[in-house]
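1. here is the input, now give the coordinates:
(2 chains)
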2 protein chains.
Amino acid sequence: MTELQNDRLLRALCREPVDVTPVWVMRQAGRYLPEYRALRAAAGDFMSLCRNPELACEVTLQPLRRFDLDAAILFSDILTIPDALGLGLYFEEGEGPRFRQPIEGVGAIERLGVLNTARDLPYVLDAVRLIRRELNGRVPLIGFSGSPWTLATYMIEGGSSRDFVRTKSLLYAQPDALHLLLDKLAASVVDYLNAQIAAGAQAVQIFDTWGGALSAAAYREFSLAYMARILRKLTRVAEGRRVPAILFTKGGSPWLEQMVDSGCDALGLDWCVDIGEARRRVGDRVALQGNLDPAVLRAPEQVVRREVEAVLRAFGAQPGHVFNLGHGISPDIEPSRVGSLVDAVHSISANLRQGLR
Amino acid sequence: MTELQNDRLLRALCREPVDVTPVWVMRQAGRYLPEYRALRAAAGDFMSLCRNPELACEVTLQPLRRFDLDAAILFSDILTIPDALGLGLYFEEGEGPRFRQPIEGVGAIERLGVLNTARDLPYVLDAVRLIRRELNGRVPLIGFSGSPWTLATYMIEGGSSRDFVRTKSLLYAQPDALHLLLDKLAASVVDYLNAQIAAGAQAVQIFDTWGGALSAAAYREFSLAYMARILRKLTRVAEGRRVPAILFTKGGSPWLEQMVDSGCDALGLDWCVDIGEARRRVGDRVALQGNLDPAVLRAPEQVVRREVEAVLRAFGAQPGHVFNLGHGISPDIEPSRVGSLVDAVHSISANLRQGLR
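-> A predicted model of the protein is given here:
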């Protein structure tokens, strides 16, 4: 493999010193970019992009051609796993993801298989290999998966949800059935992430998008426990280097201390917690990733710079910070704002490191 | 005024000992009750219920006829204030609240008045007086208002929102304009709550439904600061007794320590934080209200009892707990579940106090 020219992300995730704070943006390859919208229109739909390694590679690289980002992240969808397990993923315009065969009843959970990534999702691994080749060592590639709990909510609700009525009813009334589902999903995620790492992913992130909908006790039992199990079984060294794992539970700020015990290298933070306070709560046990409110990107450039500086200063001088938004970038954001963000992170963090300003 | 026969709520909110833990339920007067749906159908629409003191009184009392609740809460809507300020509230079936004249531009903020409750919302005060008379001292009556930030989001977005695009754009790009709006709304809420207290409300709750959408710094500046100002100006003694004020920010669990500094008597908790941990974080400075996941009410009765006991045990033996859900009850809940909940809170907390089981 080609040597990595910019390893800030991997160093920061391992809490090693870096010259400037690395930055990437959740959903950096996505609808806010006109070249993405053009490619998607040509491809027909979203899943056609995901399923075609050349297109997935192209979309992954689009933001890196515009901005000085410190990482690429595999372009894919968290719902590829349930799709590969036979639920029939499709996207309804304006409705978000849907499944043709959602999980209904314990029988469906018992019949569900466990993912074999090489057999069931070869297109994802082909995309990882292709992106690595095209990146040619410029920046590291992040692989990812949804968390078992988050995948389970989509599989049971049949799509997006606000209140998770069916999933929570199962949780409280038939917890053993939900545990069986989460068990199979955790095994699937282990296979999926390890296959991505074997194909070339240099860091991984687990997206627990809906863990924040749970009570503290239910989060521990039905989301965090399975992510901890995954982390214990992940390949942690590849190409002679640590493969850091980032755990991101949106709405998870009440539980940071417990999330650290999962064995992750870094916690992704949403924008609701002060990153300096999060740092004090978790100490130096993990790196932190985040956590600018994505809404800041609608503000004038000087406001973006001011808010970036506030996050950098709140985190402070110690190593272990990867800059990101607290959630995915919105489709309505002007692309040049991302350039302003990236440049602000790099220039302000360089100045702060030199004790200037 | 008639003497209060059940003052558990007021005692618990003031962290005084009580025989059993008091319980009420957010949205306890609402769509899950068939008698509410019947009355609303007869009235025509939601606002006709709110604007008619007799109907508002009847709806307020409906859950108390069924369940051994320890408080009544005024039946009204948090958007009565912007409606009275001229924005033209209406409800679109399945769409939630909307305004005919949302706030557009700084000029609209400058033209906006401050609420004079006696002049602008007499029907609310008439309802409070009528409910107090009908309650006849059975349990205390809670008055309420939306928080300035939460009201501002509806007024600027024109209704419910997921991302608060317009409000946050104003926040980051024209903070002075937003502060002017929040300033007027804070003055309006002070007038509104003090008028409710003068009319007979014996405790008040500020609903900061959307404070949790803010960053830590923005929450302090644009939501908490205005609630603290309101709390400083509230009537705190009426009828010779403390009128406790409850502050409820949904999604506010990262900021509990700062919320305590606002001067509230109690914090309302959503279900995401462990109430025992919240207790440790805030010490004995305030009472805590909450915090069962509303989804538990879809589970079988023995699960409801188990989860109620878990919350009661997590809070522990010290005074200062008011039991509630972590958010409003959903319309699909079977009414008898609320009976199970109330009975479970009373019987289990009595047993725990006696060291039995």
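2. next one: the helix or strand encompassing A:Pro97 to chain centre, how far?
-> Using DSSP states H and E, A:Pro97 falls within strand A:96-99. Its chain's average C-alpha position is 19 Å from that of strand A:96-99, according to C-alpha atoms, centre = their mean, to the nearest Å.
3. what helices or strands is that strand leaning on?
-> Applying 3 or more C-beta pairs under 8 Å, 6 or more residues apart in numbering or on different chains; DSSP states H and E, one finds that strand A:96-99 contacts strand A:89-92, helix A:148-157. C-beta coordinates here come from the backbone N, C-alpha and C atoms, glycine included.
4. put the alpha carbons of the lowest-mean-pLDDT helix or strand in chain A into CSV.
-> Among the helical and strand segments of chain A, the one scoring lowest on mean pLDDT, DSSP states H and E is strand A:89-92, with a mean of 88. In CSV, the C-alpha atoms belonging to strand A:89-92 read as follows (Å, rounded to 0.1, in the frame of the first residue of the first chain):
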residue,chain,number,x,y,z
LEU,A,89,-34.5,-1.4,0.9
TYR,A,90,-36.0,1.3,-1.3
PHE,A,91,-36.3,5.1,-1.1
GLU,A,92,-39.5,6.9,-1.4
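5. show residues contacting it.
-> With contact meaning C-beta atoms under 8 Å, 6 or more residues apart in numbering or on different chains, strand A:89-92 is reached by A:45-47, A:77, A:79-80, A:82-83, A:97-100.
6. so which of these wins on neighbours?
-> When neighbours are counted by other C-beta atoms under 10 Å in any protein chain shown, A:Pro82 leads the contacts of strand A:89-92 with 25 neighbours.
7. quick one: that one from chain B, how far?
-> 22 Å (C-beta to the nearest C-beta, to the nearest Å).
8. give me the number of residues near the closest residue to that residue other than its chain neighbours?
-> Once flanking residues are discounted, A:Pro82 sits nearest to A:Met155: 4.9 Å by C-beta to C-beta, 6 or more residues apart in numbering or on different chains. By other C-beta under 10 Å, 24 other residues sit near A:Met155.
9. ok, now which ones touch A:Met155?
-> Applying C-beta under 8 Å, 6+ apart to A:Met155 gives the contacts A:82, A:87, A:99, A:102-103, A:181.
10. swap in A:Asp83?
-> A:47, A:89.
11. pretty sure it belongs to a helix, no?
-> Yes. Under DSSP: H, G, I helix; E, B strand; the rest coil, A:Asp83 falls within a helix.
12. next, give phi and psi for A:Ser145.
-> phi -150, psi 160 (degrees, to the nearest 10).
13. per-residue pLDDT of it, please?
-> On the pLDDT scale, A:Ser145 is placed at 98.
14. buried set for stretch A:131-142?
-> Neighbour counts over stretch A:131-142 (16 or more other C-beta atoms under 10 Å in any protein chain shown) mark A:131-132, A:134-135, A:138-142 as buried.
15. let me have the residues you listed in TSV, adding pLDDT as columns.
-> TSV is the format used below for these (pLDDT from 0 to 100):
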residue	pLDDT
A:Ile131	98
A:Arg132	98
A:Glu134	98
A:Leu135	98
A:Arg138	98
A:Val139	98
A:Pro140	98
A:Leu141	98
A:Ile142	98
